[in-house]
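K.L.:
What would the 3D arrangement of this be:
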Amino acid sequence: MLTLGPCVHAIVYPWLSGTTFLPKALAARLGHQQWIHIPLSQNTSRPLTCTRTFPSTDGIALNPAIFLPGLSMSPANPPEAMQYWESVLSLCEGSTQIYPADEGGRDVFALGNVIVKSSHLHGTQEIDYSFADANEVKAIPVARKVLRDIRVPEIYFAGKIRGRQVLIQERLPGVALNVAWPYLSQLQKKSFKEQARAILQQLHTIMPHDGRQARFHVVSDPNILCNGRINPLEGEILFADANHDADLSFMHNDFTQSNCIVDRDRIVGLVDWEMAGFFCWKTAGEVHRRIRTPQREHFVNASLSEDRLQDIMFWNDLYD
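P.N.:
Next comes the predicted model:
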């Protein structure tokens, strides 16, 4: 076995499309012996203002070159595929968690080049996310038709693992805009808002193929008003009785800073399409202002300067 200096162990899976690498800890659990060396110097972790950092598992620093899943989420996947994804899920623990969720929700984990959403660390029963994941799977190809210069993630797996709904998707290069925000100048912030508005306009060109005028998600969830997936106020805004719109078009419907992936002063990716659907501009804007972004009244008891409040609410008028 050739040694290339300080290194970590990884494994190549010939039955995956492309070349897939697993960290040593996971490969050992799967009992495979086809090893290669990846020099540790390839680790690309940098300060958050430059790119996302990559977590470690069992002392192994992960980076995009090490962990590149290539499976489809087809139900026809061989048993080895499910074993693979179960083993990926077993690495989702506190050290790889990037967004913890409340009880009933799903935590978000980062493993090299993938993002995993799962509630397996929670004891209580989760909200039913099967329709949310189906919506994301169907919405992404719709968005990809018009977002030529903006990346959307590939979905590698969406389904049940150990009785819980799990979504595994591509981790886009860059950093979430909300992470970069404190380090940006006012000019940069204004530029990102204008870029976001341009993306919204691109998505707005996609009309329902069946001519419908009633608002709808790409994949309708029959229990969305009562299963805890959305705020009751959001349900009221989206699905009130008088819900026919003249300008119905495709909307991301969760265009927060945390869902914008940025790099070198550009929005380069857009993630989290589970709320996407066909809504009018006014409706999507109302959801954005009243549900997705902070309101001034939330801070009445906080001792914040007007400049600080304006910065907190900077993203509120995205649809104006």
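
K.L.:
what are the ranges of the helices in the chain?
P.N.:
Secondary structure of the chain (DSSP state H): helices located at 24-30, 79-90, 130-144, 177-180, 186-204, 232-239, 281-287, 306-312.

K.L.:
Distance from the last one to the middle of the chain?
P.N.:
The chain centroid and the centroid of helix 306-312 are separated by 27 Å, computed with C-alpha atoms, centre = their mean, to the nearest Å.

K.L.:
Show me where this structure dips below the pLDDT cut-off.
P.N.:
1-78, 241-244 (pLDDT under 70).

K.L.:
So if we follow the domain assignment, how does it break up?
P.N.:
Taking the TED database as the domain assignment, the ranges for the chain are 78-170, 175-313.

K.L.:
Turn those into JSON lines, including distance to residue 319 and mean neighbour count.
P.N.:
C-beta: built from backbone N, CA, C; applies to glycine. Formatted as JSON lines, the domains of the chain follow (distance: least, C-beta to C-beta, whole Å; neighbours: other C-beta atoms under 10 Å):
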{"stretch": "domain 78-170", "distance to residue 319": "17", "mean neighbour count": "17"}
{"stretch": "domain 175-313", "distance to residue 319": "3", "mean neighbour count": "16"}
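
K.L.:
got those domains as TSV, with distance to residue 320 columns?
P.N.:
Listed next are the domains of the chain as TSV, based on distance: least, C-beta to C-beta, whole Å:
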stretch	distance to residue 320
domain 78-170	21
domain 175-313	7
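
K.L.:
hmm, back to that, and residue 217, which of the helices of the chain is closest to it?
P.N.:
helix 130-144 (5.3 Å; C-beta to C-beta).

K.L.:
Report the distance from the closest one to the chain centre.
P.N.:
12 Å.

K.L.:
OK, contacts around the residue nearest to residue 230 when sequence neighbours are not counted?
P.N.:
Setting aside the residues directly before and after it, residue 230 is nearest to residue 224 in space (C-beta to C-beta, 6 or more residues apart in numbering), at 6.0 Å. Residues in contact with residue 224, defined by C-beta atoms under 8 Å, 6 or more residues apart in numbering, are 131, 217, 230, 235.
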